[in-house]
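S.K.: What follows is a predicted structure for the sequence shown.
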Amino acid sequence: MAFAHLLELDNLQTHLKLRRGTVRAVDGVSFAVDGGETLGIVGESGSGKSMTALSIMRLLPRSGSIVGGKVTFKGRVLTDLSEDEMEAIRGGEIAMIFQDPMTSLNPVFRTGWQVGEPLRIHRHLGSTASIKAAVDLFKKVGIPEARRRVSQFPHMFSGGMRQRAMIAMGLSTGPSLLIADEPTTALDVTIQAQILELLRGLNREYGTATILITHNLGVVAGMCDRVVVMYAGRIVEEGRTDDVFAHPEHPYTWSLLRSIPRLDAEGHEPLKPIEGSPPDMMRLPTGCKFQPRCPFAIPRCSSEEPALSSVRRQQSRCWVTQSGTELAG
Amino acid sequence: MSGQGQPLVEVRGLKTWFPVRSGVVGRVAGHVRAVDGVDLTVYEGETLGLVGESGCGKSTLGRSILRLVEPTAGEVRFKGKDVLRLGSRAMRGIRRQMAMIFQDPFASLDPRQSVEDIIGEALDIHHLAGTRRQRRARVTELLELVGMSPDFASQYPHEFSGGQRQRIGIARALAVDPTFIVCDEPISALDVSIQAQIINLLERLQEQLHLTYLFIAHDLSVVKHISDRIAVMYVGKIVEVSPAKELYRNPKHPYTGSLLSAIPIPEPVLERQRQRIILKGDVASPVDPPSGCRFRTRCFKAQPRCAEAEPGLDTVNLGPHQAACFYPMS
């Protein structure tokens, strides 16, 4: 059966019930991922990028729940599945790796046993066969001395090695979608380069579609075909990576790209910071959520929230660019 | 302004080792050689960037210079005086001229103190505020200096965002009117959109108050932006030191080269075409570092000689640009 998209989010809404009140962590997010492609989701802490991923996997914290919209994967509506049906998809068809490989491996089990677990659950492999498979997986993700390493415990692995083990576990069942939530944020740059190289190679070799969640625009530039930019629980811009970086159509993306120091900068130009602070999700402004920090805001921005719609080659949630004005200054 | 000032801080042969204990009686089984023989000079008015990966000893080096940890051996000269040999009274006088800005503005501010008390505490310790009114006036002045409204003086840390907390941390550092500030990863805990605000603030303050910075960070693009010169550290040693732009254009040490090539550039077309040096393996252990050059176990240019002898920092000597490598990059 052919599907329009591998994964499709349609107006997803996820709320977090906290003591202070309800946070609309994901507020009407729609996007699609096709087979084999790498989609980047960028945003700052609290922008809703991780909550979007956890909603897809239905791994939300106890305070969180999906209150609207749907997630469709290979034609099945994940948001309607029972917990058992969802369990079969998690770690089988969709795998997820997290920022902190220190806490996502269980310290009391041998790494090979843990990496082989999805195969025992989803492919009904026996213990010996699952560990044999783990050796092959370790080789695939570049863990040296794989045969010896599978019998070691996580604390004997370095941070980069643990992340490799997590990736091995994620890939064990040959998923068609891998969700990587800040997979290199806790790692040093030379180790980050190793892991990104590994993910690139795996995508090339097995055609696994990837959602890469990160705050690092440089990582997106090198890894992603398309990018979704999130702010205050919403998508504010979406498009092909080349287009978004060359010609951002939302003032947030535009400002972000100009505020970061670049290694290849020639002179010493002062940075152009984004004024103000990231929004308080409990007290969001009316109208456009970025408007209080926006250098291009017009009166309409504070009274009415724009929808995400086409601006030139991408999608943008901005009155200013939707009316044809070019961002410059 | 690179290097034309007088030497302000001179570090010579500095070692800071931490004992590793084992067993029930806590016998010393070895040492973490966090800083293991460092020579480094910081000139008046400059920003010296110090980069390296986690565990390389860069934070310990910064703290050793301020004597927040006691070094094991070596010298730290501040305006010519060996700080490590001063008694506590003389040290207090020197300490007033040095300050530190920490990475985590959440952890480094006492949650039970108001902003006024956080900033005022340093004034009290050094008897810099005579009366209550003088103290308040100075706090007001410091808040304005870091771009915050004086109205915030009576509020508590939890009421502020990360960026504002870091501004408070900076105001506290400035309270004693220092000439030298160690900035230890001052922006890495902040949201991307806030980082540029703090970098610009630090640059403005440096110009306004004639400050000298030792700027410690793992992000080379930030360090390159803010620094006049950069020192690269690997497993307790400085492996390369150079004017900032020169280091980027012409890295000599293979470690610097791989570090630079590993940093992603937010420009898709360029980023896809870049040649990357992907290092093998992990950082060497500072408890039991490799013989000779410590980077040789991951180095793509290593030769037998690298295991036999340790290259000094002046092995590559291009004036202000030096590197500790027998087989430097061309």
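M.R.: Yep, that arrived.

S.K.: so where do the helices sit in chain A?
M.R.: Ranges of helices within chain A are A:49-57, A:83-89, A:101-104, A:111-115, A:117-122, A:127-140, A:146-149, A:159-171, A:189-206, A:217-223, A:241-246, A:251-259, A:299-303, A:319-322, based on DSSP state H.

S.K.: Quick check: B:Leu50 vs B:Ala73, distance?
M.R.: 20 Å (CB to CB, to the nearest Å). C-betas here are computed from N, CA, C, even on glycine.

S.K.: Same check on B:Ala262?
M.R.: From B:Ala262 to B:Ala73 the distance is 33 Å (CB to CB).

S.K.: more crowded one of these two?
M.R.: Each of B:Ala262 and B:Ala73 has its neighbours counted (other CB atoms under 10 Å in any protein chain shown); B:Ala262 has more, 22 against 13.

S.K.: how far away is the more buried one from chain A?
M.R.: Computed with CB to the nearest CB, to the nearest Å, the distance linking B:Ala262 and chain A is 4 Å.

S.K.: Name the nearest residue to that residue, ignoring sequence neighbours.
M.R.: Among residues not flanking B:Ala262 along the chain, A:Ala193 sits closest, at 3.8 Å (CB to CB, 6 or more residues apart in numbering or on different chains).

S.K.: what about that neighbour, how many residues close to it?
M.R.: A:Ala193 has 23 neighbouring residues, counting by other CB under 10 Å.

S.K.: try B:Gly163
M.R.: Neighbours of B:Gly163 (other CB under 10 Å): 22.

S.K.: That one looks like it's in a strand, true?
M.R.: No: counting by DSSP: H, G, I helix; E, B strand; the rest coil, B:Gly163 is not part of a strand but helix.

S.K.: Touching, it and B:Ile199? I think so.
M.R.: No: using CB atoms under 8 Å, B:Gly163 is not in contact with B:Ile199; the gap is 11.3 Å.

S.K.: Next, count neighbours for B:Ile125.
M.R.: 13.

S.K.: which residues of the stretch 151-300 of chain B fall in strands?
M.R.: B:180-184, B:212-217, B:229-234, B:237-243 (DSSP state E, counting those that start in this stretch).

S.K.: TSV for the ones you listed, including mean pLDDT and mean neighbour count?
M.R.: Below are the strands of the stretch 151-300 of chain B laid out as TSV (pLDDT from 0 to 100; neighbours: other CB atoms under 10 Å in any protein chain shown):
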stretch	mean pLDDT	mean neighbour count
strand B:180-184	97	25
strand B:212-217	97	25
strand B:229-234	97	25
strand B:237-243	98	24
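
S.K.: Take the ones you listed and lay them out in CSV including distance to chain A.
M.R.: Converted to CSV, the strands of the stretch 151-300 of chain B look like this (distance: least, CB to the nearest CB, whole Å):
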stretch, distance to chain A
strand B:180-184, 15
strand B:212-217, 11
strand B:229-234, 10
strand B:237-243, 12
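
S.K.: any idea how far the residue of the stretch 201-330 of chain B found nearest chain A lies from B:His225?
M.R.: Nearest residue of the stretch 201-330 of chain B to chain A: B:Pro264, at 2.8 Å (CB to the nearest CB). For B:Pro264, the distance to B:His225 equals 15 Å [CB to CB].

S.K.: cool, B:Met91 as well?
M.R.: 34 Å.

S.K.: Specify which residue of these two has the higher count of neighbours.
M.R.: Neighbour count, other CB under 10 Å: between B:Met91 and B:His225, B:His225 has more, with 23 against 14.

S.K.: that older thread, share the number of residues neighbouring the residue of the stretch 201-330 of chain B closest to chain A, please.
M.R.: 24.

S.K.: And the closest residue to it other than its chain neighbours, how far from B:Arg204?
M.R.: Among residues not flanking B:Pro264 along the chain, A:Gly218 sits closest, at 2.8 Å (CB to CB, 6+ apart). Using CB to CB, A:Gly218 is found at 26 Å from B:Arg204.

S.K.: Those two: which has the busier surroundings?
M.R.: More crowded of A:Gly218 and B:Arg204, by other CB under 10 Å: A:Gly218, with 20 against 14.

S.K.: State the number of residues packed around residue 299.
M.R.: Going with chain A. Neighbours of A:Pro299 (other CB under 10 Å): 10.

S.K.: You answered for a different chain; I wanted chain B.
M.R.: Number of residues near B:Cys299 (other CB under 10 Å) recorded here: 19.

S.K.: Tell me how far the nearest residue in space to it that is not next to it in sequence lies from A:Ile195.
M.R.: Distances taken as CB to CB, 6+ apart place B:Pro254 nearest to B:Cys299, at 5.1 Å, with adjacent residues excluded. Counting by CB to CB, the gap between B:Pro254 and A:Ile195 amounts to 20 Å.
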